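[1] Sequence plus predicted model, see below.
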Amino acid sequence: MTATTDGSTGALGPRATSASGPTDTTTLPAADGDLRVAAERATARSVEHLLGRQDAQGWWKGDLATNVTMDAEDLLLRQFLGVQDPRTTEAAALFIRGEQRADGTWATFYGGPPELSATIEAYVALRLAGDRPGDPHMARASQWVRDHGGIAASRVFTRIWLALFGWWKWDDLPELPPELIFLPKWFPLNIYDFGCWARQTIVPLTIVSAKRPVRPAPFALDELHADAARPHRPLASVTSWDGAFQRLDKALHAYHRFAPRLLRRTAMNAAARWIIERQENDGCWGGIQPPAVYSVIALHLLGYDLDHPIMRAGLESLDRFAVRREDGARMIEACQSPVWDTCLATIALADAGLSPDHPALVKAADWMIGEQIVRPGDWAVRRPGLVPGGWAFEFHNDNYPDIDDTAEVVLALRRVGHPDPDRVEAAVDRGTRWNLGMQSRNGAWGAFDADNTSPFPNRLPFCDFGEVIDPPSADVTAHVVEMLAYEGKSHHPATRRGIEWLLAEQETTGAWFGRWGVNYVYGTGAVVPALTAAGLPPSHPAIRRAVTWLESVQNEDGGWGEDLRSYREEKWIGHGATTASQTAWALLALLAAGEHGSEAVERGIASLAATQCEDGSWDEPYFTGTGFPWDFSINYHLYRQVFPLTALGRYLHGEPKALATRSGVRQGI
């Protein structure tokens, strides 16, 4: 098990002194000079704090908090494989109990509404840990579940976990035939039509769906059913897409009963080969927890013993997703973010005025260069002739480098005065070429694949757990455009197409949607600096509209916040409790738009200075990152440190300068 990397206290959550919402206590210093002094003091303390958190190898990594389904499914996996141990079970239960709210429910993000599937999975996990149905906290949970439709109303993934123990019928789940692996790449619903995270999960689940295993249930779950009939969801109209795919699912259920044994066995073996070929050097799959869990189950069902090297490495990799608190609780990270955290920390420190040749920045650059991926991955299915050169998000994920990390790593490397500039140049050149080659047909960029825009995967009855395709997004496209501009390619045809796409995607309000961060504040905070870096003047109408919108949603305390419910409810767009990271995003946009001396900027800077902790950090219980908008939310514990420092640095030292004057040859890449 790994200890927490999130600061010296070892705590997973916010300090007890964290604010629970916006306040109106932040006031501006009496004069501009006082504000600058406050900003300089906050910057110096933040730099010291961040430098103190760097690993000896050069990387940074904050804890990545999601929700208790990660912890519940870890216990369910151990129960399924027969590898439970009391210490792990009690540590997980301690964390899960600590996340329960007074009404007996669990949410998927801090301050969010109760969530049915999370509550069911947490309840089952606590029962595995020995909590009894009659215990007050359990009775409150089960009553709420029954009142909200019971197990029958939960998401597919929850019911799959329950089916593994006979608590739900396999016949009542959407079918995922392993023959899917044979569909050609041009055929609708082939595995490469799915985003990489969904693809890595679906392939092993086709084996699980075909095998339909049932382990002896250690107890009944009658208390979680709304009624004994366990009603099915009604079919949609046959003329609708949902209705068509529901009837396709019925046909696949019929096929399950008559599938030729040889074909099915061949398909499962092909799926197993696909899984094994994609296991990373550290034993994980894709650097994320869900594919690893289902890959272990799938291979075990095909006869792989738990002592087999593949299985042993897979199980050991899952242990590395565990973070232990000082109180003994154990939280499972869905993923780990060292490359992302390291490039953002490098940018923050450099923009805050740290010398480019500072040993910490050189060490970070060395580590990042060593993480560059120089072999093809699944992205090559759509771009077979492209030379590799991207970076992944995690320690180990060579199959799935991503465009966003690659852009930010290049921006980070360019800020470092490395003693071997040729080494940096080679890495940057290769990363830039790879990102250019991953541009989608519409001129924008997705996260992991090019042109991953099929309309069909999200229609499948199975896919009710969040986004399963990877279309281009404004935030990723903005980061690439900013990187290309910084490389002196503002007039490159790819950059111009990206700019045109971004301008067309601006909302009527003046904001941009945020796919990978919450939400319009994140999207706008990414796009405006990219557009100005690429040459759009601050007077451009799109920039002015963005400034007007940001000013209109600033909180009374001078900061900014946006709740995750903005993905579902219009009234939350641009609104929520102030957070350090979202305040910083808004400031990055306003500073890039030339608003340095504006009241909005000064109030925002004052807010950051006033809310900083004594150790130079910031508290932030609210979730400002996403895996899937609304459906899977993330609290990146380093966001609250790196983005405020970046904003403070740019307030004090100005915008980073592009390299157009340093190397005209880059224009031709």
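    Received it, and whenever you're ready, just let me know what you need. Numbers count the residues shown, from 1 in each chain.
[2] going forward, measure contacts and count neighbours with C-alpha atoms only.
    OK.
[3] What segments of the stretch 501-650 of the chain are helices?
    With DSSP state H, counting those that start in this stretch, the ranges of helices along the stretch 501-650 of the chain come out as 520-533, 541-552, 580-592, 599-611, 639-653.
[4] what do you get for the stretch 1-150 of the chain?
    Under DSSP H, counting those that start in this stretch, the stretch 1-150 of the chain gives helices at 32-51, 69-81, 86-99, 116-128, 136-147.
[5] Can you dump the C-alpha atoms of the second one in PDB for me?
    So the one you mean is helix 69-81. Output of helix 69-81 as PDB, limited to C-alpha atoms (Å, rounded to 0.1, in the frame of the first residue of the first chain):
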ATOM      1  CA  THR A  69     -17.600   3.300  -5.400                       C
ATOM      2  CA  MET A  70     -13.900   2.800  -6.000                       C
ATOM      3  CA  ASP A  71     -13.500   1.600  -2.400                       C
ATOM      4  CA  ALA A  72     -16.700  -0.500  -2.400                       C
ATOM      5  CA  GLU A  73     -15.700  -2.200  -5.700                       C
ATOM      6  CA  ASP A  74     -12.300  -3.000  -4.300                       C
ATOM      7  CA  LEU A  75     -13.900  -4.900  -1.500                       C
ATOM      8  CA  LEU A  76     -16.300  -6.600  -3.900                       C
ATOM      9  CA  LEU A  77     -13.300  -7.700  -6.000                       C
ATOM     10  CA  ARG A  78     -11.600  -9.200  -3.000                       C
ATOM     11  CA  GLN A  79     -14.700 -11.000  -2.000                       C
ATOM     12  CA  PHE A  80     -15.100 -12.400  -5.600                       C
ATOM     13  CA  LEU A  81     -11.500 -13.600  -5.700                       C
END
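[6] list the buried ones in it?
    Residues of helix 69-81 classed as buried by neighbour count (16 or more other Cα atoms under 10 Å): 69-77, 79-80.
[7] Let me see the mean pLDDT of the helix or strand hosting H256.
    Here H256 sits within helix 241-258, counting by DSSP states H and E. For helix 241-258, mean pLDDT rounds to 71.
[8] swap in stretch 342-358?
    Averaging pLDDT along stretch 342-358 yields 97.
[9] Over to stretch 224-237?
    For stretch 224-237, the mean pLDDT works out to 67.
[10] what residues are up against V527?
    For V527, the contact set (Cα atoms under 8 Å, 6 or more residues apart in numbering) comprises 474-475, 478-479, 502, 512, 589.
[11] mind running it again at 6 Å?
    A478 (Cα atoms under 6 Å, 6 or more residues apart in numbering).
[12] Quick check: it vs T119, distance?
    According to Cα to Cα, to the nearest Å, V527 stands 37 Å off from T119.
[13] Kindly report the same for L354.
    With the distance defined as Cα to Cα, L354 ends up 46 Å from T119.
[14] between these two, which one's more packed in?
    Using other Cα atoms under 10 Å, the more surrounded residue of L354 and T119 is T119, with 25 against 19.
[15] How about the contacts made by that one?
    Per Cα under 6 Å, 6+ apart, neighbours of T119: 105-106.
[16] switch to 7 Å and redo it
    T119 makes contact with 105-106, 141, according to Cα atoms under 7 Å, 6 or more residues apart in numbering.
[17] and of these, the nearest to T624?
    For these, the minimum distance to T624 (Cα to Cα) is 18.4 Å, reached by W106.
[18] pretty sure that closest one contacts G98?
    No: in this structure W106 lies outside contact range of G98 using Cα atoms under 7 Å: 9.9 Å.
[19] if I look at those two, which residues touch both of them?
    With Cα under 7 Å, 6+ apart as the test, W106 and G98 reach no residue in common.
[20] okay, the two: which has more neighbours?
    W106 (30 against 11).
[21] Need the per-residue pLDDT for that one.
    Confidence score, pLDDT, at W106: 98.
[22] next one: the one 10 residues further on
    The confidence metric pLDDT takes the value 97 at L116.
[23] Tell me which other helices or strands whichever strand or helix holds I202 touches.
    Per DSSP H and E: I202 is located in helix 196-211. If you count contacts as 3 or more Cα pairs under 7 Å, 6 or more residues apart in numbering; DSSP states H and E, helix 196-211 packs onto helix 261-277, helix 289-301.
[24] want to try CSV for those, with distance to G62, mean neighbour count and mean pLDDT as columns?
    Listed next are the helices and strands packed on helix 196-211 as CSV, based on distance: least, Cα to Cα, whole Å; neighbours: other Cα atoms under 10 Å; pLDDT from 0 to 100:
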stretch, distance to G62, mean neighbour count, mean pLDDT
helix 261-277, 29, 16, 96
helix 289-301, 17, 22, 95
